[in-house]
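**Q** Any chance you can model this:
(2 chains)
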Amino acid sequence: GAVVSQHPSWVICKSGTSVKIECRSLDFQATTMFWYRQFPKQSLMLMATSNEGSKATYEQGVEKDKFLINHASLTLSTLTVTSAHPEDSSFYICSARYLGDQPQHFGDGTRLSIL
Amino acid sequence: ILNVEQSPQSLHVQEGDSTNFTCSFPSSNFYALHWYRWETAKSPEALFVMTLNGDEKKKGRISATLNTKEGYSYLYIKGSQPEDSATYLCAFFTGTASKLTFGTGTRLQVTL
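**A** Reported below is the predicted structural model:
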């Protein structure tokens, strides 16, 4: 149980393109979903927390207009990297949680490369 | 900014060796400490969620201990196997912020 599906797993696109990443909880309802970014040899850095039906809470330093997060249902959250540039190239991974004191369940991540 | 540190950064052991790594975290505002195992090309998998000082949890050959007063947790692997090769992440959970702060992980490689 507790499977989280993340798509796509790998994206290469041109600078200026917008890229949408989906995160789905397949067998449970996720009250909260999280989006992380990982730079090489660094830890998972939380970008934003999204609760179903409400606006995402962004971490300090994360541009809301650059990284649009939508959590329209209890099983789906999306991250859109708008007008992506090479510096947005990174590994992005989502996680979902049912209750606050439970472990998070992660997707497989998305490797984004902007040319 | 919360500081969660893990050591060592990487570890290379032989099959059958027992090993352990450390996670250090702030001792104030503690709510929970999570351990995850992250194998290459897979998603991170939850191992333990620890909440009580002195807590010890076990899952097969893997166990973990928690000291919230001094701010550290140990993860032990007994009789390492090649399938234990992965990056082991710890994460500090603050109830007030309701989010995880991850360490950089310990990369374990077990060879025959």
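
**Q** quick one, strands of the chain?
**A** Just going to use chain A. Along chain A, the segments classed as strands by DSSP state E run A:4-7, A:10-13, A:19-25, A:32-38, A:45-51, A:57-58, A:67-73, A:76-81, A:90-97, A:105-106, A:110-114.

**Q** Can you look at chain B instead?
**A** Under DSSP E, chain B gives strands at B:5-7, B:10-14, B:19-24, B:32-38, B:45-50, B:56-59, B:62-67, B:72-77, B:86-94, B:99-102, B:106-111.

**Q** can you list those strands in a markdown table and add distance to chain A, mean neighbour count and mean pLDDT?
**A** Quick note: C-beta positions are derived from backbone N, CA and C, even for glycine. Shown next, in a markdown table, are the strands of chain B (distance: least, Cβ to the nearest Cβ, whole Å; neighbours: other Cβ atoms under 10 Å in any protein chain shown; pLDDT from 0 to 100):
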| stretch | distance to chain A | mean neighbour count | mean pLDDT |
| --- | --- | --- | --- |
| strand B:5-7 | 9 | 16 | 97 |
| strand B:10-14 | 11 | 13 | 97 |
| strand B:19-24 | 12 | 19 | 97 |
| strand B:32-38 | 6 | 22 | 96 |
| strand B:45-50 | 3 | 19 | 96 |
| strand B:56-59 | 12 | 12 | 96 |
| strand B:62-67 | 13 | 18 | 98 |
| strand B:72-77 | 15 | 19 | 98 |
| strand B:86-94 | 7 | 23 | 94 |
| strand B:99-102 | 4 | 22 | 91 |
| strand B:106-111 | 10 | 18 | 97 |
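
**Q** so which of these comes closest to residue A:37?
**A** Among those, the nearest to residue A:37 by Cβ to Cβ is strand B:99-102 (11.5 Å).

**Q** what does that closest one contact?
**A** Strand B:99-102 is contacted from outside by A:34, A:36, A:43-46, A:49, A:104, B:2, B:4, B:34, B:89-94, using Cβ atoms under 8 Å, 6 or more residues apart in numbering or on different chains.

**Q** So in that sheet, which strands flank that strand, and in what orientation?
**A** According to DSSP bridges, strand B:99-102 forms sheet pairs with strand B:86-94 (antiparallel).

**Q** mind saving the C-alpha coords of the partner strand as PDB?
**A** Presented in PDB, the C-alpha positions along strand B:86-94 are these (Å, rounded to 0.1, in the frame of the first residue of the first chain):
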ATOM      1  CA  ALA B  86      21.300   2.500  -0.500                       C
ATOM      2  CA  THR B  87      21.300   6.000   0.900                       C
ATOM      3  CA  TYR B  88      19.900   6.300   4.300                       C
ATOM      4  CA  LEU B  89      18.200   9.600   5.100                       C
ATOM      5  CA  CYS B  90      17.000  10.900   8.500                       C
ATOM      6  CA  ALA B  91      14.600  13.700   8.800                       C
ATOM      7  CA  PHE B  92      13.600  15.900  11.700                       C
ATOM      8  CA  PHE B  93       9.900  16.600  12.100                       C
ATOM      9  CA  THR B  94       8.700  19.700  14.000                       C
END
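
**Q** what's the spacing between it and its chain's center?
**A** How far strand B:86-94 lies from its chain's middle: 5 Å, per Cα atoms, centre = their mean, to the nearest Å.

**Q** Kind regards, and thank you for your time.
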